[in-house]
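> the sequence and its predicted three-dimensional model are supplied below.
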Amino acid sequence: MKILGIDPGFERLGIAILEKNKGDKREKVIFSECFKTSAKLEFAVRLNLIGEEVKKIIKKYKPEVLAIETLFLTTNQKTVMHVAEARGVVICEGIKAGLKIFEASPPQIKVATTGYGKANKEQIIKMVKILVDINKEKKESDDELDAIAIALTAFACIKN
């Protein structure tokens, strides 16, 4: 099974494709990136770029599931609205491609990756690197690692 994990954002979008086949001991990261859009572009153009990137990734890797983080509350309502719109574009692309949609909250992701619902960012990153087979290249972007954690959460919750 292949799962597309998305850490939603409009400036930076974490994207990861994880795969686990019968007989595999753990999930393998077959692709990940932090997709960035420029603040110099109109917001609608940025949303379109996000949609096109997600569509391209879906077409290339053919995942069965889209795993995406739910929104968390923040004091900056403009940011929340923009992230919500970016999530909508991503979910729309997933639905159009026929993917099953899996949504997880930040505490659910923390429990699935660390066993503790109030884990900090460093604990999550450490566990992600232990839990999955990541290519030798270093994954520096928190957004990329968050997308991997979201996909891991989907694997833990979805029963084949």
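Okay, I see it.
> which residues does the helix or strand where E33 lies contact?
Here E33 sits within strand 28-36, counting by DSSP states H and E. Strand 28-36 is contacted by residues 2, 11-20, 50, 53, 57, 61, 132-135, 139, 141, 143-144, 147-148 when judged by CB atoms under 8 Å, 6 or more residues apart in numbering. Heads up, the C-betas are built off the backbone N, CA and C, glycines and all.
> what of stretch 47-67?
If you take CB under 8 Å, 6+ apart as the criterion, stretch 47-67 is touched by 1-6, 10, 13, 15, 17, 30-31, 35, 37, 41, 85-86, 89-94, 96-97, 99-104, 150-151, 153-154, 158.
> report the buried members of those.
Those of the contacts of stretch 47-67 that meet the buried threshold are 1-6, 10, 13, 15, 17, 31, 35, 37, 85-86, 89-91, 93-94, 97, 99, 102-104, 150-151, 153-154, by 16 or more other CB atoms under 10 Å.
> show me what the least confident helix or strand in the chain by mean pLDDT is packed up against.
Lowest by mean pLDDT, DSSP states H and E among the helices and strands of the chain is helix 121-131, with a mean of 88. For helix 121-131, the packing partners by 3 or more CB pairs under 8 Å, 6 or more residues apart in numbering; DSSP states H and E come out as helix 106-114, helix 142-157.
> quick one: mean pLDDT over the last one.
Mean per-residue pLDDT for helix 142-157: 94.
> could you check the angle it makes with helix 121-131?
If you take axes from the mean of the first three to the mean of the last three CA atoms, to 10 degrees, helix 142-157 sits at 60 degrees to helix 121-131.
> one more: the shortest one?
With the same axes, to 10 degrees defining the directions, helix 106-114 sits at 40 degrees from helix 121-131.
> so that it lines up with my notes, have the first residue be 111 from now on.
With 111 as the first residue, the last one maps to helix 216-224.
> mean confidence score for helix 216-224?
For helix 216-224, the mean pLDDT works out to 93.
> give me the contacts around it.
Outside helix 216-224, the residues that reach it (CB under 8 Å, 6+ apart) are 179-180, 182, 214, 226-229, 233-234, 237-238, 241, 256, 259-260, 262-263, 266-267.
> picking that back up, which ones among the contacts of stretch 157-177 lie within strands?
Counted as lying in strands by DSSP state E, out of the contacts of stretch 157-177, are 112-116, 123, 125, 127, 140-141, 145, 210-214.
> distance of A177 relative to E143?
Using CB to CB, to the nearest Å, one obtains 16 Å as the distance from A177 to E143.
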